[in-house]
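Student: Sequence below, structure please.
(chains A and B)
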Amino acid sequence: MTRFIESTITFPYKRSLGPVVGAFMTALTEKQILGIRCQDAVLVPPMEWDPSTGAELPHEFVEVGPAGTVESWTWVAVQSEQHPLDHPFAFALIRLDGATTPLLHAVDAGNPEAMSEGMRVAPRWRGTRAGRIDDIICFVPGESVETEGEDTGGAAEPVTRMDYLASITYRNPVPEAADRATEASREHRLLGLRCPDCGRVYAGGRGLCPVDAIELGPECEVDLPHKGTITNFAIVTPVQYPGQTETEPFVRAFVLLDDTDVIIPYSAVIELPADEVRVGQRVDAVWASPAEETEEGGGMGGSWGSLLGWIPNGEPDLDDPDLVNRIF
Amino acid sequence: MSAPSTDIAVIGWAQTPMVRHTDKSETQLLMDAITDALTPLGLQRADIDFTCLGSCDYITGQAFSFVSNLDAIGAWPPKRDSHVEMDGAWALYEAWLRLQEGDIDIAVVTGSGRSSTGDPALIYPMEMDPYFLAPLGADPLTFAALQARAVIAAGIADERRMAEVAVRARGTGDVESLLTEEFIRQPLRRHDVPPITDGAAAMVLATGERARQLVERPAYVTGFDHRTECHNPSFRALDDSPSTRIAAEAAGLGDAPVEVAELQAAFTHEELLLRSVLGLGDDVTVNASGGALKENPIMATGLCRVGYAADHIFGGGNRALAHATSGPCLQQNLVCILEGRS
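Tutor: Numbers count the residues shown, from 1 in each chain, chains lettered A, B, ... in the order given. Sure thing, here's the model as predicted:
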């Protein structure tokens, strides 16, 4: 029975707007909607380039609307969390007065029977506007512009940037080999998989040989030594971003296991300050004590399970100039 | 683009089972598809000179997800490899270009996606225009519905003909009862929209002599072109698909009749619009496979169209058209013409 793991990824984008979209967004804060002149047409939303020729357009803005005419529409009976309204509404192509092209936006019409091609609509503005397309909450039937809440006025400075938070939840299968590697780590075993074709050994719960492109099942499992040599390392100075818990520079080392060709990549080190880590240093695996066990496993996460990292074992360094080349 | 001086042919392809939800990873799907495409040809991964994989990080939920997909091609010793963040049909286009350099013989292309990993209705709006569309949650069903309305207004489709397309594609249901169903996005009903499908496909291409050594009847690529339109549907005529028309002309559709056409029409009205734009008459068998309305493995759907068109040639057919599309309201369109030779 395959296990699935759910994760939510967020991308906090900060988008620069440029001279045309920026002018449009700045005008929105003033409750104005701008188009741009393109030959005989007025494009809404404005573009920097002529969509038919790609030629750059002079920045000749034209105020349009605020009311407009519905050219086409569809009814959203079940809205999503991303939609502008928390109840059923219409998405419509709205040709604002003075515009040549239609703008896609929401219409809060109550029910689909209230929608028709040719109907007149006007914007419902947010009281506090940030210079985003959703400063217009939606359009409403009729000619009357609305403002929701207290009107805090236009932006003091031109709007040059737009924040957009993309957030997606994924549900992914966990390969059986990854789960088996994690389980073995609970017994403080470092599990490898030996390819029956090429003999290469892989650690970390990869259930396949990428050289021969075949799956490696439980029959391929081998126990790997808990002793190795640091081949290379990086000292990471943490930059503070959402989710970063480290505050001080820390080491990530690559460890070649004894008598194998297996590299344990990007490993944590223990009782080894950043200024003392060396290529060739001999290290032993450190496993989480029962008290240190967490749902997420030890310091390395993922299929490494209870493996916390590597500690210097006092043996003399290996002197091999080729070691540094081994990070895979 | 018309045929190059070197013959380049599709010589085989394979797809995984197309399911609503798979337990396999994308890499595992690709391992199966590539093996199944190569084995009947007597080829091994070591025989592949060039690979190009089509997939999408946004669907997978992992940056550089195509890197782990390389595990499925056996990239050691190092191989010539490329990737497109597009349907596998565009990977095929790149491989076709690459083979024209003339220094290599065999290429494998893939398309893969696990749509069940996330909620497509929430993912695709984030891929839209980031300033004017994404913040509104403008979703694929909305765009499809607005295009359907335009296509109906132009007289190219109506709700009945759309239901007929759905019944023919899926081989189930009857038109009368489908037309009594509720709209999910007026004028679209459930039967007008594609299923969510997990799956992958792999295709093998070979040049001239090598193709003829490996299979009895290669499906020669005699024309191949793709064109795109403005990204924002506000600026497009939704009742037309000029990029499809231009790509088809450039691929030589008009040179001779085709017997079959495989069109990537995820929505019923798209099939009717594409038929109209391509000028396909009733004598052309369209989407005998069921098309994207039956199985819609995003990132592989277009490549499967080429696969089914190639099957027609392998089975003795003379000329077939495959079409693939990308973006809202048929924004970008690809046309590939395949021919057999006696």
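Student: CA only for contacts and neighbour counts going forward, please
Tutor: Noted.
Student: Just the strands from the stretch 1-150 of chain A, written as ranges.
Tutor: Secondary structure of the stretch 1-150 of chain A by DSSP state E, counting those that start in this stretch: the strands cover A:3-16, A:33-38, A:41-43, A:61-64, A:68-76, A:89-96, A:103-107, A:120-126, A:136-141, A:146-148.
Student: and chain B, which of those strands is closest to it?
Tutor: Chain B lies closest to strand A:68-76 among those, at 5.3 Å (C-alpha to the nearest C-alpha).
Student: Only alpha carbons, please: show the closest one as CSV.
Tutor: Taking C-alpha atoms only, strand A:68-76 is exported to CSV below (Å, rounded to 0.1, in the frame of the first residue of the first chain):
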residue,chain,number,x,y,z
GLY,A,68,-18.8,48.7,-19.6
THR,A,69,-20.7,46.1,-21.5
VAL,A,70,-20.6,42.4,-21.0
GLU,A,71,-19.5,40.7,-24.3
SER,A,72,-19.4,37.2,-23.0
TRP,A,73,-19.8,35.4,-19.7
THR,A,74,-19.9,32.1,-17.9
TRP,A,75,-21.4,31.3,-14.5
VAL,A,76,-19.1,30.0,-11.7
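Student: What is it packed up against?
Tutor: Contacts defined by 3 or more C-alpha pairs under 8 Å, 6 or more residues apart in numbering or on different chains; DSSP states H and E place strand A:68-76 against strand A:89-96, strand A:120-126, helix B:140-153, strand B:183-185.
Student: Give me whichever of the ones you listed is most buried.
Tutor: Mean neighbour count (mean count of other C-alpha atoms under 10 Å in any protein chain shown) peaks for strand A:89-96 among the helices and strands packed on strand A:68-76, with a mean of 26.
Student: Name every strand pairing with that strand and say which way it goes.
Tutor: If you go by DSSP bridges, strand A:89-96 pairs up with strand A:68-76 (antiparallel), strand A:103-107 (antiparallel).
Student: Switch those strands over to JSON lines; also include mean neighbour count.
Tutor: Below are the strands paired with strand A:89-96 laid out as JSON lines (neighbours: other C-alpha atoms under 10 Å in any protein chain shown):
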{"stretch": "strand A:68-76", "mean neighbour count": "24"}
{"stretch": "strand A:103-107", "mean neighbour count": "26"}
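Student: if we can go back for a sec, the strands of the stretch 1-150 of chain A into TSV, with extra columns for mean pLDDT?
Tutor: Formatted as TSV, the strands of the stretch 1-150 of chain A follow (pLDDT from 0 to 100):
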stretch	mean pLDDT
strand A:3-16	89
strand A:33-38	97
strand A:41-43	97
strand A:61-64	98
strand A:68-76	97
strand A:89-96	98
strand A:103-107	98
strand A:120-126	98
strand A:136-141	98
strand A:146-148	96
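Student: now those strands as a markdown table including distance to A:A166?
Tutor: Converted to a markdown table, the strands of the stretch 1-150 of chain A look like this (distance: least, C-alpha to C-alpha, whole Å):
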| stretch | distance to A:A166 |
| --- | --- |
| strand A:3-16 | 5 |
| strand A:33-38 | 26 |
| strand A:41-43 | 27 |
| strand A:61-64 | 30 |
| strand A:68-76 | 21 |
| strand A:89-96 | 21 |
| strand A:103-107 | 19 |
| strand A:120-126 | 22 |
| strand A:136-141 | 19 |
| strand A:146-148 | 26 |
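Student: Quick one, which of these gets closest to B:L321.
Tutor: strand A:68-76 (32.6 Å; C-alpha to C-alpha).
Student: Is it correct that B:G291 is in contact with B:L263?
Tutor: Yes. Between B:G291 and B:L263 there is a contact under C-alpha atoms under 8 Å: 6.9 Å.
Student: count of neighbours near A:Q240?
Tutor: Number of residues near A:Q240 (other C-alpha atoms under 10 Å in any protein chain shown) recorded here: 10.
Student: Can you give me every residue that contacts it?
Tutor: Contact partners of A:Q240, counting by C-alpha atoms under 8 Å, 6 or more residues apart in numbering or on different chains, are A:T247.
Student: in which helix or strand would I find it?
Tutor: Assigned by DSSP states H and E, A:Q240 belongs to no helix or strand.
Student: do you know how far A:Q244 is from A:A274?
Tutor: Plainly put, A:Q244 is 19 Å away from A:A274 if you go by C-alpha to C-alpha, to the nearest Å.
Student: Looking at the two, which one has more neighbours?
Tutor: Under the criterion of other C-alpha under 10 Å, the comparison of A:Q244 against A:A274 puts A:A274 first, with 17 against 9.
Student: which one is that one nearest to, not counting chain neighbours?
Tutor: Counting by C-alpha to C-alpha, 6 or more residues apart in numbering or on different chains, A:A274 lies nearest to A:V251, which is 5.7 Å off, once chain neighbours are set aside.
Student: Next: B:Q332.
Tutor: B:T228 (4.1 Å).
Student: same question, A:A181
Tutor: Nearest residue to A:A181, sequence neighbours excluded (C-alpha to C-alpha, 6+ apart): A:G205, at 5.2 Å.
Student: what do you get for A:P312?
Tutor: Leaving aside its sequence neighbours, A:P312 sits nearest to A:V283 (C-alpha to C-alpha, 6+ apart; 4.3 Å).
Student: so what's that neighbour up against?
Tutor: A:K227, A:G228, A:T229, A:I230, A:W310, A:I311, A:P312, A:N313, A:G314.
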